[in-house]
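Peer 1: mind folding the following:
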Amino acid sequence: MGLHDGHREKMRERFLLGGLDSFADHEALELLLFYAIPRQDTNATAHRLLQRYGSLTGVLNAPAEDLQKVEGIGENAAVFLKLVPEFCRKAQLSGDGKETILNSTEKAGEYLIERFRGEREEVIYQLCLDRKGKLLACKRLAEGDADSAELNIRRLVENALLSSASAVLLAHNHPSGIALPSREDYVTTERVQQALKTVGVPLVDHIIVADEDFVSMADSGILTKTS
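Peer 2: This next block holds a predicted model:
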């Protein structure tokens, strides 16, 4: 048994018996790091991480390249720390089999804020809905640097037809942190609206997300103007 094996086993047993509620932040992070750093004192590393980033949230939101500047954190540990929140977010969005109903701007906005969380580049999503607003499919259409994500209109129309969508909601993020639509957003909205019209599927909204904020182009009257 190695120097730290007995301590690690006690920490694991403590977690299995009572969960993380009784753990201080540095202890919870220390335990997590057991599974990325097999033979090292992760207590000291956990303290260094919290000192640098201020909180568990700060640690998990830190860029992988910056995490590796902390003594004790290599590439594998950095990737592992980035994987944890992303995996939890993906599991949450999968909805464990429950239907996702996006029949209002508020519901769609809340769903999309979570969907875009952590994205550092511009990404475009297509949400295919049935007549009651049930989410049939959420397709990642494009990604790139801010204002450079190019939209494949043909693929968008095919997605709508293949999912038997009654309506489509388009969404993208502004990494700049400003949710107001740009001139390119107006042009894209009109292109998508006209393309979907040829197959009888309405574009019900184009939502732009920036951090914890969003703007609905339908609520703003822009979709009406481009029809």
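Peer 1: what about stretch 154-174, start to end distance?
Peer 2: Start and end residues of stretch 154-174 are separated by 23 Å (CA to CA, to the nearest Å).
Peer 1: please tell me how far that stretch is from the chain's geometric centre.
Peer 2: 19 Å (CA atoms, centre = their mean, to the nearest Å).
Peer 1: now it: buried residues?
Peer 2: 156-157, 159-160, 163, 165-174 (16 or more other CB atoms under 10 Å). Glycine gets a C-beta too; all of them are placed from N, C-alpha and C.
Peer 1: what do you get for stretch 172-182?
Peer 2: Buried-residue list, stretch 172-182, by 16+ other CB under 10 Å: His172, Asn173, His174, Pro175, Ala179, Pro181.
Peer 1: out of the buried residues of stretch 154-174, which sit inside helices?
Peer 2: Leu156, Val157, Asn159, Ala160 (DSSP state H).
Peer 1: can you confirm Cys128 is in a strand?
Peer 2: Yes: under DSSP: H, G, I helix; E, B strand; the rest coil, Cys128 sits within a strand.
Peer 1: any regions of the protein where pLDDT drops low?
Peer 2: 1-5, 92-98, 144-150, 224-227 (pLDDT under 70).
Peer 1: kindly list the longest strand within it.
Peer 2: strand 135-144 (DSSP state E).
Peer 1: and that strand, which residues are buried?
Peer 2: Leu135, Leu136, Cys138, Lys139, Leu141, Ala142, Glu143.
Peer 1: which helices and strands sit right next to that strand?
Peer 2: The contact analysis (3 or more CB pairs under 8 Å, 6 or more residues apart in numbering; DSSP states H and E) places strand 135-144 against strand 122-129, helix 153-162.
Peer 1: got a markdown table for the ones you listed, with distance to Leu50 too?
Peer 2: Formatted as a markdown table, the helices and strands packed on strand 135-144 follow (distance: least, CB to CB, whole Å):
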| stretch | distance to Leu50 |
| --- | --- |
| strand 122-129 | 30 |
| helix 153-162 | 43 |
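Peer 1: as a check, name the ranges of all strands in the protein.
Peer 2: 122-129, 135-144, 167-173, 203-210, 213-216.
Peer 1: the inter-axis angle of the second one versus strand 122-129?
Peer 2: This points to strand 135-144. 160 degrees (axes from the mean of the first three to the mean of the last three CA atoms, to 10 degrees).
Peer 1: picking that back up, ok, so of the buried residues of strand 135-144, who is nearest Ala62?
Peer 2: The nearest member of these to Ala62, counting by CB to CB, is Glu143 at 21.3 Å.
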